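K.L.:
Just the structure for this:
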Amino acid sequence: MTDEHGEVRLRAVTDDDLEVFLAYEHDPEAVRRSRFTPRPRDAFLRHWRVRVLPDPDCFVRTVTVDGAVAGNVCSWTEDGRRLVGYWLGRPYWGRGIGTRALGRYLELERIRPLYAEPFHTNTASVRLLERHGFERVDTVAHEDDGHLLFVLAERDGAGHR
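P.N.:
Residues are numbered from 1 along each chain as shown. As a prediction, this is how the structure comes out:
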């Protein structure tokens with residue numbers, strides 16, 4: 001997909017991507033919006049190298065824009081639910097890149113229902129999910145924070161949710 005904002009692609013994650021992901025996870029504004037506590041470098045790399053990348057249940061892709069690492073999209077199963085998460089670096093916010101990247105990812109990740117749990121004040125993430133047909137179904141608590149529970153339901157034979 002190419003437009004005036006660059007070519008958005010998904011590809012397999014490489015070890016070199018992890019340092020970029022780490023920097024994005026430590027961006028103070030991203031932390032504020034997501035209410036996600038960034039991990040120290042060693043814990044971050046261990047998480048990705050030991051838990052995420054080798055796990056056949058995790059379906060993860062690097063998002064690139066004109067070849068540069070913009071972030072990642074990942075799905076995994078937790079407590080019987082298939083969840084999706086994404087993280088883009090701040091230079092890629094507000095440019096439609098998240099919309100295009102998640103759209104392409106959802107073409108590849110066919111498991112439904114698919115859930116997401118954005119922090120309740122992360123309006124950009126909420127809008128992104130709604131744009132792709134996710135519907136708010138509940139709230140969930142993570143530590144002391146309220147997150148919204150969204151679901152992308154299965155389509156019936158007529159293409160309806």
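K.L.:
Helix or strand: which one has the residue positioned nearest the centre of the chain?
P.N.:
Among the residues of the chain, the one closest to the centroid is Tyr86, at 1.3 Å (C-alpha atoms, centre = their mean). Here Tyr86, judged by DSSP states H and E, is contained in strand 81-88.
K.L.:
I'd like to know which elements that strand is packed against.
P.N.:
Counting by 3 or more C-beta pairs under 8 Å, 6 or more residues apart in numbering; DSSP states H and E, the packing neighbours recorded for strand 81-88 are helix 15-25, strand 68-78, helix 97-108, strand 114-116. C-beta: built from backbone N, CA, C; applies to glycine.
K.L.:
buried set for it?
P.N.:
Counting neighbours by 16 or more other C-beta atoms under 10 Å, one finds that the buried residues in strand 81-88 are 82, 84-88.
K.L.:
what do you get for stretch 64-73?
P.N.:
64-65, 69-73.
K.L.:
what stretches of the chain score poorly on pLDDT?
P.N.:
Applying pLDDT under 70 to the chain picks out residues 1-5, 141-145, 155-161.
K.L.:
circling back to that earlier point, so for Val60, which of the helices and strands packed on strand 81-88 sits nearest?
P.N.:
The closest of those to Val60 is strand 68-78. By C-beta to C-beta, the value is 4.0 Å.
K.L.:
how distant is that closest one from the center of its chain?
P.N.:
Relative to its chain's centre, strand 68-78 lies at 5 Å (C-alpha atoms, centre = their mean, to the nearest Å).
K.L.:
do the same with stretch 97-106
P.N.:
Worked out by C-alpha atoms, centre = their mean, stretch 97-106 lies 9 Å from the chain centre.
K.L.:
For that stretch, which outside residues touch it?
P.N.:
1, 5-6, 8-10, 61, 63, 65, 70-71, 73, 84, 86, 88, 92, 114, 124, 128, 131-132, 152 (C-beta atoms under 8 Å, 6 or more residues apart in numbering).
K.L.:
ok, 7 Å please
P.N.:
Contacts with stretch 97-106, where a contact means C-beta atoms under 7 Å, 6 or more residues apart in numbering, come from 1, 5, 8, 10, 61, 63, 65, 70, 73, 86, 88, 128, 131-132.
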